[in-house]
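**Q** Need a 3D model of the following:
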Amino acid sequence: MKLNVKKILVVDDDEKMVDLANDCVFDWNAEEPGLPFEVIDARSVEGAHKVLSSHKIDCALIDLRLPDIENGDVTSAENGNELANYLIGQVGVPTAIISGEPKEADEYFQKPGTSEVFSKDGDAHKTALEWFSEQWVLMEALSSVRENMEKSTAEVFAQRIWPQWSEMMKDVSGDRHRLETVFTRQYASHVAEFLGGGEEDWHPNECYIVPSYQKDRAHTGDVFCLDDKYFIILSPQCDMATRKIEQVLLATCEIGREHWGEHLEHFTQQTSKNKVAKADKFFRGLVNQDLPSSEHFLPPLPGLNNPVIVKFSKVRTIGIGDLEASLEARVASVAPAFLSNLTQRFGAYISRTGQPNICIEDFVEPLVE
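**A** Numbering: from 1, shown residues only. All right, here's what the predicted structure looks like:
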């Protein structure tokens, strides 16, 4: 049971509120022994960072008005908002904010997601624990993710980073910042390769990145919804980034595929072995791109139930300035692991130049009398 305990970082400069949080956790653990919590507390932003440097936490419960340093007399909502942003954006844990003035919380934290704002009016601590319990599976998954990442980075270090460490040190002439940047990229790319080469099939959701990594500019593989129609960028990212092109090439995305729903139903309901086998063949044909050269399959976009069929034969252009002024219409980006197949298939399609027809009758030698 101890291994299943989720550690809560409680940050509040009011001793009574910390005691209240501990009492609520004690009562919760008695009533919900299968979802136990353990409190680790701090009294300031500085104290919270000290805890984070020595403990792995699963979630955080913080007051909004906090002092910046230990035993500080001045509290501000700005400190709480900055700490919440750090906990979500840098540590990556569900964070609950408790405040007597919930409106002082940044608008970002008031949206549903990995954060929630609770008013001190009422049983805020218990309500926050209930919210954390709803995130239990998420916290379990995040814990496993971190373990997998640590294991993967250890193997990458032993096999790829450490053997070239001395040579890399020499190549960057002792520039520590550049060295750290280089090795960070090395870790990220090698770990992605390491994890992507396993025996587990990829989930369709992994095909897309939402929201897109590039916040301020468009990227190859970005999917836009323009005038109620979907399009995907095919122009090279390097040309868009350097503004070498004025017009961006977009391919039409048709939503849906004949028999998709029918075969999905056979899979879901296991109607019969024969129908399930046909459904399996149907889906494998799509994911393996057993399609005409003018088409490319992508899984359903987030929020949609039907697949995306990219039509290389139906393209249009749009000014790069107009496109980047419409970034709010971008619904997703194709993930790097899937992007290369899209661009390769498009390249193969447009390179089909063909050749003149040859008269096959001429292969037959004329009869000699």
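
**Q** Can you give me the separation between Gly72 and Asn79?
**A** Taking Cβ to Cβ, to the nearest Å as the measure, Gly72 falls 9 Å from Asn79. Every C-beta, even on glycine, is put in place using the N, C-alpha and C of the backbone.

**Q** out of those two, which sits in the more crowded spot?
**A** Asn79 (25 against 17; other Cβ atoms under 10 Å).

**Q** Quick check: chain neighbours aside, which residue is closest to that one?
**A** Spatial nearest neighbour of Asn79, excluding adjacent residues (Cβ to Cβ, 6 or more residues apart in numbering): Leu66 at 4.4 Å.

**Q** who does the one you found bridge with?
**A** Ser76 (DSSP bridges).

**Q** Which residues lie in contact with it in this structure?
**A** Contacts for Leu66 (Cβ atoms under 8 Å, 6 or more residues apart in numbering) come out as 11-13, 44-45, 75-76, 79-80, 83.

**Q** Relative to Glu107, how far out is it?
**A** On the measure of Cβ to Cβ, Leu66 and Glu107 end up 19 Å apart.

**Q** ok, now Phe37?
**A** Note on Phe37: its distance to Glu107, by Cβ to Cβ, is 28 Å.

**Q** So those two - more neighbours on which side?
**A** Phe37 (22 against 7).

**Q** Could you give the bridge partners of that one?
**A** Applying DSSP bridges, one finds that Phe37 bridges with Lys6.

**Q** shouldn't it be in contact with Lys6?
**A** Yes. At 5.3 Å, Phe37 and Lys6 qualify as touching, with contact defined as Cβ atoms under 8 Å.

**Q** Now do the shared contacts for the two.
**A** Common neighbours of Phe37 and Lys6 (Cβ under 8 Å, 6+ apart) are Phe132.

**Q** circling back: let's see if you can find the most crowded of the contacts of Leu66.
**A** In the contacts of Leu66, the most neighbours by other Cβ under 10 Å go to Val11, 29 neighbours.

**Q** Show the backbone phi and psi for the residue nearest to the spatial centre of the chain.
**A** Nearest to the mean C-alpha position of the chain, by Cα atoms, centre = their mean, lies Ile209 at 5.4 Å. Backbone torsions for Ile209, taken as degrees, to the nearest 10, come to phi -110, psi 120.

**Q** Quick one: residues contacting it.
**A** Taking Cβ under 8 Å, 6+ apart, we find Ile209 in contact with 332-335.

**Q** Let me know the closest of the residues you listed to Tyr349.
**A** Val334 (16.6 Å; Cβ to Cβ).

**Q** count of residues packed around that closest one?
**A** Counted with other Cβ under 10 Å, Val334 comes out at 25.

**Q** how about the closest residue to it other than its chain neighbours, what does it touch?
**A** The shortest distance from Val334 to any residue other than its chain neighbours is 3.5 Å, reached at Gly221 (Cβ to Cβ, 6+ apart). With contact set as Cβ under 8 Å, 6+ apart, Gly221 has these partners: 232-233, 333-334, 339, 342-343.

**Q** And Gly34, by the same measure?
**A** Contacts of Gly34 (Cβ under 8 Å, 6+ apart): Asn4.

**Q** Tell me how far it lies from Ala21.
**A** Taking Cβ to Cβ, one finds Gly34 at 20 Å from Ala21.

**Q** swap in Asp171?
**A** For Asp171, the distance to Ala21 - Cβ to Cβ - is 51 Å.

**Q** So for these two, which sits in the more crowded spot?
**A** Applying other Cβ under 10 Å to Asp171 and Ala21 shows that Ala21 carries more neighbours, namely 24 against 12.

**Q** Please name the strands paired to the longest strand anywhere in the chain in the sheet, noting orientation.
**A** What stands out as the longest strand in the chain, according to DSSP state E, is strand 308-319. Here strand 308-319 is paired, per DSSP bridges, with strand 247-255 (antiparallel), strand 295-298 (antiparallel).

**Q** Averaged pLDDT, the first one. What do you get?
**A** What it means is strand 247-255. Mean per-residue pLDDT for strand 247-255: 97.

**Q** which residues sit against the lowest-mean-pLDDT helix or strand in the chain?
**A** Least confident helix or strand of the chain, by mean pLDDT, DSSP states H and E, is helix 165-171 with a mean of 75. With Cβ under 8 Å, 6+ apart as the test, helix 165-171 has contacts from 179, 182-183.

**Q** switch to 6 Å and redo it
**A** Residues outside helix 165-171 that contact it (Cβ atoms under 6 Å, 6 or more residues apart in numbering): none are found.

**Q** and after that helix, which helix or strand comes next?
**A** helix 176-196 (DSSP states H and E).

**Q** tell me what that following helix is packed against?
**A** helix 136-156 (3 or more Cβ pairs under 6 Å, 6 or more residues apart in numbering; DSSP states H and E).
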